[in-house]
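Undergrad: With the sequence up front, the predicted model follows.
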Amino acid sequence: MWGGRGAAKSWSIARMLIALAHRRRLRIGCFRELQASIAESVHQLLKDQIYAMGLQSCFHITTTSIYSRVTGSEFLFKGLRHNITEIKSLEGIDIAWVEEAQLVSKDSWELLVPTIRKQGSEIWLSFNPVNEEDATYQRFVVNPNPDAWVLKCGWEDNPWFTETQNKERLWLLRSDPDAYEHVYGGGFMRRNSGIVFSGKYVVDTFEAPHDATLHFGSDFGFAVDPTTLIRNYTTGKAPEEELWIEYEAYGVGVEIHETARLYDTVPGSRSWPIYADSSRPETISYLRREGFNIMPADKWDGCIEDGISHLRGFKQIHIHQRCKHVQQEARLYSYKLDRVTGEVLPILIDKNDHCWDATRYSLNGYIQHRGGLGVWERL
């Protein structure tokens, strides 16, 4: 079981293991990569759940071990990294539970997996991956055994998720969306200077002022890339100017005759001008016949870099909670990194940028050609 905080993964596994140990004799190994003391193990969690299940009279709980008085089941607690000899000598383990499994190294897995060899034995994992190259993620999610049961779960799957927990979740979503995706979304940690909009945006709920000038931009795609429509507005003046991305439409495999219906999901799309990707004049022409005031956005050598510079020039970018794809791209849109030094290169990766392309198009005339006059030149 893997995913973000609040999914009750550890809580659920602890209760399942207690229930099984109460029914039949089992030897259950509880492992972590590092465990300097019993306090760092799941001992306390198991103890709490035994009491919560009303089974305290059925288990003998010491400061270092847990035994079933009914079936003779036992729970063992070990760290993997510094107990090589002890781990190799373990026999008869029925279930091995590895908590915080994202921290387990490739070497530790090569030690533990062959040790759990009793007929019918199982390895249970609970973790939140840190990055895609984690040994645990690669071995058990990307390339799992044919008989593996793999479940990603999150706070939304937990019927006991409390209001107090939800307030904390919403606070992190608003204040630090990058951290939120890892902590609650089960995504990878992507805190590096290569993320284009790292530290520049927040997620919140808001409504455009009645007198706001709305901007609409569209990027076209089909088989792999999505067709997008973004609605936004700005407030304040530089250097205090802020961008508010309020609505999105997003679809993969959208036929040209279905694009109008997609656009209509964004309020005001038939009333305000739309600037779109100029590489698809036939689509723009069709949408004009469908009643949209749509026109091609200007392009020039370096227009993407100029657009990103303009967007990063906002004091802050606000993304509405309903704009899920904009949020995702904000977390992922990045520059290339040097493979050896890790240094950020001035090369944008052509991926996770479709909502941001639409946002750039929406500000057509406001984004200045490097060294040009932009909207002033038009006036």
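TA: Done, it's in. Residues are numbered from 1 along each chain as shown.
Undergrad: Give the rounded mean pLDDT of the longest helix belonging to the chain.
TA: Identified as the longest helix of the chain according to DSSP state H is helix 9-23. Throughout helix 9-23, pLDDT has a mean value of 96.
Undergrad: Name the SS class of the residue lying closest to L348 once chain neighbours are set aside, please.
TA: Excluding its sequence neighbours, the residue lying closest to L348 (C-beta to C-beta, 6 or more residues apart in numbering) is Y335, at 6.0 Å. All C-beta atoms are positioned from the backbone trio N, CA, C, and that covers glycine. With DSSP: H, G, I helix; E, B strand; the rest coil as the basis, Y335 sits in strand.
Undergrad: One more: F31?
TA: Reduced to three states with three-state DSSP, the structure at F31 is strand.
Undergrad: Count the neighbours of N166 for me.
TA: N166: 12 surrounding residues under other C-beta atoms under 10 Å.
Undergrad: Which helix or which strand is home to it?
TA: Assigned by DSSP states H and E, N166 belongs to helix 163-175.
Undergrad: what packs against that helix?
TA: helix 177-183, strand 201-204 (3 or more C-beta pairs under 8 Å, 6 or more residues apart in numbering; DSSP states H and E).
Undergrad: Now it - C-alpha only, PDB.
TA: Extracted C-alpha coordinates of helix 163-175, given in PDB (Å, rounded to 0.1, in the frame of the first residue of the first chain):
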ATOM      1  CA  GLU A 163     -11.900  17.600  10.000                       C
ATOM      2  CA  THR A 164      -8.700  18.600  11.900                       C
ATOM      3  CA  GLN A 165      -6.600  16.600   9.400                       C
ATOM      4  CA  ASN A 166      -8.500  18.200   6.500                       C
ATOM      5  CA  LYS A 167      -7.800  21.700   7.700                       C
ATOM      6  CA  GLU A 168      -4.100  20.900   7.800                       C
ATOM      7  CA  ARG A 169      -4.300  19.400   4.300                       C
ATOM      8  CA  LEU A 170      -6.000  22.500   2.900                       C
ATOM      9  CA  TRP A 171      -3.500  24.800   4.600                       C
ATOM     10  CA  LEU A 172      -0.600  22.900   3.000                       C
ATOM     11  CA  LEU A 173      -2.300  22.900  -0.400                       C
ATOM     12  CA  ARG A 174      -2.700  26.700  -0.200                       C
ATOM     13  CA  SER A 175       0.700  27.500   1.200                       C
END
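Undergrad: Could you give me the buried positions within that helix?
TA: Within helix 163-175, the residues that qualify as buried are 169-170, 172-173, counting by 16 or more other C-beta atoms under 10 Å.
Undergrad: now swap in stretch 8-28 and tell me
TA: For stretch 8-28, a neighbour-count test (16+ other C-beta under 10 Å) marks 8-11, 13-15, 17-18, 21-22, 26-28 as buried.
Undergrad: Flag the shaky bits of the stretch 151-300 of the chain, pLDDT-wise.
TA: Judged by pLDDT under 70, the stretch 151-300 of the chain has its weakly predicted residues at 189-193.
Undergrad: need the helices and strands packed on helix 163-175 in a markdown table with mean neighbour count, can you?
TA: Below are the helices and strands packed on helix 163-175 laid out as a markdown table (neighbours: other C-beta atoms under 10 Å):
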| stretch | mean neighbour count |
| --- | --- |
| helix 177-183 | 20 |
| strand 201-204 | 19 |
